[in-house]
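> sharing a model prediction with you, sequence too.
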Amino acid sequence: MSSFLLNLTITGLVSISVTCLTLYYLIPYLTRKAFLDIPNSRSSHAKVTPRGGGLAVVVGILTGSCVAFFLGLTIPHYTFYIGLVLMAITSFLDDKKSLPVYIRLSAHIIAMGLVIGFTGGLKSLPFASPLNFELGYFGYVISAVWIISVINFFNFLDGIDGFAGSQAMIAGISACTVFWNDASSVVGIIIALSALGFLFYNWHPAKVFMGDVGSVSLGFAFATLPFYSTTLKIEEGVFSIAIFLWFFLADGAFTLIRRLLNKEKIWEAHRSHLYQRLNKSGWAHDKIVIMVIFLSVILSSVQIYCVKDGMAINWYTPGFGIFLFSFYVLFVFKVESTKK
């Protein structure tokens, strides 16, 4: 075993252990301090459950990163961690008592600005030829849109037991593989193992929910990992992360467009994401999550193969992703029609 792989293994084991240990003590604290998710007409759960457990994931990521640093592994620039902590603090407070939109948005802009200011952002569109246009200064805008979109879609899709945690685990492992031997690779495995530790408590029926502190922080981490990679170009990393989070991002975009076309108020809470519609049709949380895990693993594996074959940005995986997502959409429609 190489020293890199050995140190990566140690780092991952520390991350999962710290996450589990933190949750063991955090769940009673969240309950005492009334960090509670009360079921309502839009909920996908039926009992009062503590939320904010994603704080343990952030603690796992930060602890794992410290261990990685002391073991001599490369970790991202401190701007990544300042942004991550800012996201976590703001979102944890929001889990307790909803913060004004301008405070949350300001935190997002500051965190995003730190990353883009340090790395320079995208230089071209993260698409294969002929759509890989040079962006110039517009690259800052596209980078900002990418980061804000991933943060929000990851947050929106955290709605049933085990969903966000399982997708974070798959995306983290996949990121570790394609960014191999650089800072983003190290954080990828740290995220994956921290998410796995969280799943021990969040798998259906969940003992704790991730809350915004987890989903927003993870969304930020995945959106910005490509900007700190030295193995892949930023554009290649963004493309790969988009594929690894395909079923989160596609469901979010599909539902947003559908609601706009139906002239719905998109800022209002709803239960019209595909996974929510399956749940309303009688599918259990774990059944939905396992199906999406299966689809995500297939698509992520194809992208990993393409990266290793020198085709990090290509038309194969988006095409295959559209095919798989179309199957997912039609399957949801079929289940809904059968119930009716």
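Noted; the coordinates are in hand. Residues are numbered from 1 along each chain as shown.
> drop to CA atoms for contacts and neighbour counts, all remaining ones
Will do.
> what segments of the stretch 151-300 of the chain are helices?
163-178, 183-202, 211-224, 234-244, 246-261, 274-280, 285-308 (DSSP state H, counting those that start in this stretch).
> can I get the ones you listed in a markdown table including mean neighbour count and distance to residue 26?
Putting the helices of the stretch 151-300 of the chain into a markdown table (neighbours: other CA atoms under 10 Å; distance: least, CA to CA, whole Å) gives the following:
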| stretch | mean neighbour count | distance to residue 26 |
| --- | --- | --- |
| helix 163-178 | 25 | 17 |
| helix 183-202 | 28 | 11 |
| helix 211-224 | 27 | 13 |
| helix 234-244 | 25 | 30 |
| helix 246-261 | 18 | 27 |
| helix 274-280 | 20 | 28 |
| helix 285-308 | 18 | 24 |
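> any chance of those in JSON lines, with mean pLDDT and distance to residue 13 too?
Supplementary listing: the helices of the stretch 151-300 of the chain in JSON lines, determined by pLDDT from 0 to 100; distance: least, CA to CA, whole Å:
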{"stretch": "helix 163-178", "mean pLDDT": "98", "distance to residue 13": "14"}
{"stretch": "helix 183-202", "mean pLDDT": "98", "distance to residue 13": "7"}
{"stretch": "helix 211-224", "mean pLDDT": "98", "distance to residue 13": "19"}
{"stretch": "helix 234-244", "mean pLDDT": "98", "distance to residue 13": "23"}
{"stretch": "helix 246-261", "mean pLDDT": "93", "distance to residue 13": "27"}
{"stretch": "helix 274-280", "mean pLDDT": "93", "distance to residue 13": "31"}
{"stretch": "helix 285-308", "mean pLDDT": "97", "distance to residue 13": "22"}
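> let's have those in CSV, adding distance to residue 28.
Output for these, formatted as CSV (distance: least, CA to CA, whole Å):
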stretch, distance to residue 28
helix 163-178, 20
helix 183-202, 13
helix 211-224, 15
helix 234-244, 33
helix 246-261, 30
helix 274-280, 28
helix 285-308, 24
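> out of those, the one nearest residue 91 is which?
Residue 91 lies closest, by CA to CA, to one member of the helices of the stretch 151-300 of the chain: helix 211-224, at 4.5 Å.
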